[in-house]
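> What shape does this take:
(4 chains)
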2 protein chains.
Amino acid sequence: MKKQSAVSILAALAQDSRLDAFRLLIEAGRQGMPAGHLAASLRLSPNALTFHLDRLRDAGLVTVRREGRSMIYAAQFETMNNLISYLTDQCCGGRPELCRPGTGKVRRRALASS
Amino acid sequence: MKKQSAVSILAALAQDSRLDAFRLLIEAGRQGMPAGHLAASLRLSPNALTFHLDRLRDAGLVTVRREGRSMIYAAQFETMNNLISYLTDQCCGGRPELCRPGTGKVRRRALASS
DNA sequence: GAAACATTTCAACATCATTTGAAATGTCTG
DNA sequence: CAGACATTTCAAATGATGTTGAAATGTTTC
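As a prediction, this is how the structure comes out:
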């Protein structure tokens, strides 16, 4: 992954509504969910939602397809995974020991909540 | 990790100069490097650099200490690792299979969580 | 203490991101 | 085709971010 691409993805995720939207789409799985459902869950006006979904889409984090009158958005899991790989390489590449603070006290919470 | 915290870290990394600066600090390891050296490598004016380092610091991604007349910045590896864990949980939590596209192509994962 | 050095603070400006409301597009139903 | 529905597009207003240059702060050396 190119640096610029990583920056775009990071920027796309670096916003409340968008991170929420993306998380909902993760939950929805591959089948995705209609924009209207997202707008309702996030309490966003439809145009505001479109704005944010466009950013996610530009970053390659979601895809859209039309289904009847609804637009169905779905998370692009691979993009997220590529980002994680990139960050892992940037952070720990060649120096895994640096990512573990020396105390031995490994504090890592699974499944943080909002 | 709280969502707001993740958003701040993502925002801090979602910028060219800052991602570059952070990567240099990763390379520098725990001992860190002086602001002046960073400014030279990144071709940033000292005040511009301070601006960006402040943001990285606010996000908890770097620490500073004074050493003589230099300010030594160092990456905070744990913060980065926490972010990666957060993203991994958000992306794959409970559904690891979703992060593997069906092609069978082997894809690298972030450091094991849990 | 004065001069040089390393960095930060401040203020002004340009640019980009976000929110809002109104209008437009495309799709389904009868 | 008209009317309702789902979503997008457009434009204006507002706020956040990034860049620049000048001045200020703290530190070392003499």
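> switch to C-alpha atoms for all contacts and neighbour counts from now on
Will do.
> Please identify the helix or strand for the spatially most central residue of chain A.
The centre of chain A sits closest to A:Phe22, judged by CA atoms, centre = their mean, with a distance of 4.7 Å. Following DSSP states H and E, one finds A:Phe22 within helix A:16-28.
> Would you state the strands of chain A in chain order?
Secondary structure of chain A by DSSP state E: the strands cover A:33-34, A:62-67, A:70-75.
> Show me the one of the ones you listed that comes nearest B:Asp54.
Closest approach to B:Asp54 among the strands of chain A (CA to CA): strand A:62-67, 31.6 Å.
> Am I right that A:Ala35 is in contact with A:Ala74?
No. Counting by CA atoms under 8 Å, A:Ala35 stays clear of A:Ala74, with 9.9 Å between them.
> the more surrounded of the two?
Neighbours were counted for A:Ala35 and for A:Ala74 using other CA atoms under 10 Å in any protein chain shown; A:Ala74 has more, 25 against 20.
> separation between the residue of chain A at minimum distance from DNA strand C and chain B?
When distances are taken as CA to the nearest atom of the strand, chain A reaches nearest to DNA strand C at A:Gly68, 3.0 Å away. Per CA to the nearest CA, to the nearest Å, A:Gly68 is found 26 Å from chain B.
> Repeat that for A:Thr63.
14 Å.
> again with A:Gln15
From A:Gln15 to chain B the distance is 6 Å (CA to the nearest CA).
> chain center to the helix or strand of chain A with the lowest mean pLDDT, what's the gap?
Ranking every helix and strand in chain A by mean pLDDT, DSSP states H and E puts helix A:77-92 at the bottom, with a mean of 88. Centroid separation for helix A:77-92 versus its chain: 12 Å, with CA atoms, centre = their mean, to the nearest Å.
> For chain A, what lies in contact range of DNA strand D?
Within chain A, the positions adjacent to DNA strand D are A:34-37, A:46-51, A:69-72 by CA under 7 Å from any atom of the strand.
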